[in-house]
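Trainee: pasting the sequence and the predicted model now:
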Amino acid sequence: MEWLIALCVRHRVVVTILSVLVLVLEIWGAWNTSLDVFPEFAPSQLTVYTEAEGFTAEQIEQLLTLPIEKTLSGASGVATVRSESIPGLSVITVSFTRTANLFTARQDITDRLAVVRTDLPTEAGVPQLSPLTPGTRDILKVGMTSEKIDPYTLRDIADYVIKPRLLALPGVAVVKVFGGAVREIHIQPDPNLLTAYGFSVPDLIKAAPAALALRGAGFIDLQGQRILIQTPTPSPDVSVIGDGILGVRNGTPVRLRDVATIEQEPAQRAGDALIQGGPGVLFSVSSQTGANTLETTRAVEQTLVALAPSLRTEGITLYPALHQPATFIERALGGLERSMVIAALLIFIALIAFLRDVRSAIISFISIPLSVLAAIAVLDFFGYTLNTMTLSGLIVALGVLVDDAVVSVENILRRLRDNSQSPTPLPRTDVIRNASFEVHGPIFYATLVVLVVFVPELLSSSVQGRFVGPLALAFIL
């Protein structure tokens, strides 16, 4: 430690220039640091959805949830596996450990699902994986209402216009849509007519999808060219399905509409949305793991602003910020930044009052931005965001920073005054070096004792430790 002090005193001009350059770089780095409201204390998660229409909750639990849950429990990086079985749907939420490689763990889960798929009922759908998302990453909730268009059209615009635009933005992982009416075509067979024509319900189940099947028509070879025949792409329309052929009886085709009532109806709802007290559509936007909440929110807001004029022409009212954590982030961090500035000013005033020397007060005060900005740079390098906890740790550390600087500067000033009154004064650089040697030991060990207090929180692996740990790390840095 003494050799470092002696080196800095000997090359004080170089040290000053380097300090100014480092300060400029630190200011630039702090300006580009990711911002968030809280540290990421909840584990990253992904969800596995498996549909099986018509299955009861008990059947879902026994035939889908348990086999998948057992398969995923041994995957790499998995901390906990929780499941929920409801009629027609199995939902399994996988939480990962803090040190897990999320992309490797997700690939392992994908491979395991491919293996367990053969053990599931053939009537069940393919297990679907959600994108990797942190446990606390809902960044925006957007509402949409209209008094001019029906719920079907409102939901179609949400699903096929707005949702794809939002998913294409960097940082957006999931866009969930609630409310409106999802189009479904319901086929209600007439048992008497089915029996009269000699058909059964399984025949009807096979014929309905075949009515919308897209079949290739081949080609025609002409002299010198080959012409491809394109069949029209079927649309899921009531009339198209009604014209589907169920079979032939006595040389006459029997169509689906001859034995069943075919109507467009809303799909069974698993949830709904009320916007400003009325029916509407709600978007819940979640960000990706590691995404910058503020940047992602701004990108979503810009996209919504671009879509707003076309939506207004359709008679749609957009509510772009029903729930927006970015607003809280800006206000919370703004309050902490103001607190830090006020604390710094009060410290500067106290330094002048006690040291009674403006130059010495400035020297002691400079340790605040140098140390704080250096800590922010280190936090950003290791992937930490600038949030309420890290800023709180930096604010708490201001007192220790200034205390150390004041002790050192005050001892140097005292030794310089004594040296000026000595009959054989020493060079100023020697006095400054020796004065720094006298106090560096006590300062180091006193600071070390304070830092040790924060070590348990820093090393804690609990949820509380992950929440408070960044505060302890910021204070120590």
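Mentor: Cool, the structure landed.
Trainee: burial count for residue 144?
Mentor: For residue 144, the neighbour count with other C-beta atoms under 10 Å is 25. All C-beta spots, glycine's among them, are computed from the backbone N, C-alpha and C.
Trainee: check the one 4 residues further on too.
Mentor: Using other C-beta under 10 Å as the criterion, residue 148 is surrounded by 10 other residues.
Trainee: check residue 361 too.
Mentor: 22.
Trainee: equivalent analysis for residue 96, please.
Mentor: 23.
Trainee: and residue 206, by the same measure?
Mentor: 11.
Trainee: what of residue 48?
Mentor: By the measure other C-beta under 10 Å, the count of residues near residue 48 is 24.
Trainee: and the helix or strand where it lies, what does it pack onto?
Mentor: Assigned by DSSP states H and E, residue 48 falls within strand 45-51. The helices and strands touching strand 45-51, judged by 3 or more C-beta pairs under 8 Å, 6 or more residues apart in numbering; DSSP states H and E, are helix 66-73, strand 89-96, helix 102-116, strand 128-129.
Trainee: what distance separates the longest one from the centre of its chain?
Mentor: I take that to be helix 102-116. Mean-position distance between helix 102-116 and its chain equals 21 Å (C-alpha atoms, centre = their mean, to the nearest Å).
Trainee: hang on, residue 192 in a helix?
Mentor: Yes. Assessed by DSSP: H, G, I helix; E, B strand; the rest coil, residue 192 belongs to a helix.
Trainee: ok, back up a step: following the strand holding residue 48, which helix or strand shows up next?
Mentor: Assigned by DSSP H and E, the successor of strand 45-51 is helix 57-60.
Trainee: then that next one to CSV, C-alphas only?
Mentor: The C-alpha trace of helix 57-60 is given here as CSV (Å, rounded to 0.1, in the frame of the first residue of the first chain):
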residue,chain,number,x,y,z
ALA,A,57,-58.8,-31.9,-14.6
GLU,A,58,-58.1,-35.3,-13.1
GLN,A,59,-57.3,-36.8,-16.5
ILE,A,60,-55.0,-33.8,-17.3
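Trainee: in it, which residues are buried?
Mentor: Neighbour-count burial for helix 57-60 flags 59-60 (criterion: 16 or more other C-beta atoms under 10 Å).
Trainee: and residue 245, how many neighbours?
Mentor: If we define neighbours as other C-beta under 10 Å, then residue 245 has 12 of them.
Trainee: could you do residue 401 as well?
Mentor: Using other C-beta under 10 Å, residue 401 has 21 other residues around it.
Trainee: who touches stretch 53-68?
Mentor: With contact meaning C-beta atoms under 8 Å, 6 or more residues apart in numbering, stretch 53-68 is reached by 48, 50, 52, 83, 85-90, 92, 113, 116, 119-121, 123-124, 127.
Trainee: just give me how far that stretch sits from the chain centre.
Mentor: On the basis of C-alpha atoms, centre = their mean, stretch 53-68 sits 30 Å off its chain's mean C-alpha point.
Trainee: and that stretch, what's its mean pLDDT?
Mentor: Average pLDDT, stretch 53-68: 86.
Trainee: could you pull out the buried residues of whichever strand or helix holds residue 411?
Mentor: In this structure, residue 411 is located in helix 388-420 according to DSSP H and E. For helix 388-420, the neighbour count (16+ other C-beta under 10 Å) marks 388-395, 397-398, 401-413, 415, 419 as buried.
Trainee: residue 228 bridge partners, please.
Mentor: Counting by DSSP bridges, residue 228 is bridged to residue 219.
Trainee: tell me which residues form a beta bridge with residue 46?
Mentor: Applying DSSP bridges, one finds that residue 46 bridges with residue 94.
Trainee: so how far is residue 119 from it?
Mentor: The spacing between residue 46 and residue 119, counted by C-beta to C-beta, to the nearest Å, is 21 Å.
Trainee: between the two, which one's more packed in?
Mentor: Taking other C-beta under 10 Å, residue 46 and residue 119 do not tie; residue 46 has more neighbours (21 against 11).
Trainee: nearest residue to the middle of the chain?
Mentor: Closest to where the C-alpha atoms of the chain average out (C-alpha atoms, centre = their mean) is residue 287, at 3.1 Å.
Trainee: check whether that residue really touches residue 296, as I assumed.
Mentor: Yes. Using C-beta atoms under 8 Å, residue 287 makes contact with residue 296 at a distance of 4.8 Å.
Trainee: so what sits against both of the two?
Mentor: With C-beta under 8 Å, 6+ apart, residue 287 and residue 296 have common neighbours 139, 171-172.
Trainee: remind me which residues of the stretch 1-150 of the chain are low pLDDT?
Mentor: 1-20, 22-38, 40-42, 132-137 (pLDDT under 70).
Trainee: and for residue 455, the neighbour number?
Mentor: Per other C-beta under 10 Å, the neighbour tally for residue 455 reads 11.
Trainee: for residue 150, same thing?
Mentor: 11.
Trainee: OK, contacts around the residue nearest to it when sequence neighbours are not counted?
Mentor: Once flanking residues are discounted, residue 150 sits nearest to residue 181: 7.5 Å by C-beta to C-beta, 6 or more residues apart in numbering. Residue 181 makes contact with 150-152, 154-155, 266-267 under the criterion C-beta under 8 Å, 6+ apart.
Trainee: and if we set it to 7 Å?
Mentor: Going by C-beta atoms under 7 Å, 6 or more residues apart in numbering, residue 181 touches 151-152, 155, 266.
Trainee: re earlier: what does the strand holding residue 48 contact?
Mentor: For strand 45-51, the surrounding residues in contact (C-beta under 7 Å, 6+ apart) are 64, 68, 88-95, 106, 113, 124-125, 127-130, 132-133, 135.
Trainee: show me which of those residues are buried.
Mentor: 64, 68, 88-92, 94-95, 106, 113, 124-125, 127, 130, 132-133.
Trainee: about what we covered before: reformat the shared contacts of residue 287 and residue 296 as CSV; add secondary structure, distance to residue 452 and neighbour count.
Mentor: Putting the shared contacts of residue 287 and residue 296 into CSV (DSSP: H, G, I helix; E, B strand; the rest coil; distance: C-beta to C-beta, whole Å; neighbours: other C-beta atoms under 10 Å) gives the following:
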residue, secondary structure, distance to residue 452, neighbour count
139, strand, 38, 24
171, coil, 39, 19
172, strand, 43, 23
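Trainee: which of the residues you listed sits closest to residue 340?
Mentor: Nearest to residue 340 out of these is residue 139 (C-beta to C-beta; 25.6 Å).
Trainee: my guess is that closest one meets residue 299, correct?
Mentor: No. Residue 139 lies out of contact with residue 299 (C-beta atoms under 7 Å); the separation is 10.1 Å.
Trainee: strands along the stretch 301-450 of the chain, start to end?
Mentor: Taking DSSP state E, counting those that start in this stretch, the strands of the stretch 301-450 of the chain run over residues 316-323.
Trainee: and the helices in it, which stretches?
Mentor: 325-355, 358-381, 388-420, 428-459 (DSSP state H, counting those that start in this stretch).
Trainee: equivalent analysis for the stretch 151-300 of the chain, please.
Mentor: Counting by DSSP H, counting those that start in this stretch, the stretch 151-300 of the chain has helices at residues 151-157, 163-167, 191-197, 201-210, 238-242, 256-259, 293-313.
Trainee: which strands or helices does the fourth one pack on?
Mentor: Going back to what we said before, that points to helix 201-210. Applying 3 or more C-beta pairs under 7 Å, 6 or more residues apart in numbering; DSSP states H and E, we find helix 201-210 packed against strand 183-189, strand 245-249.
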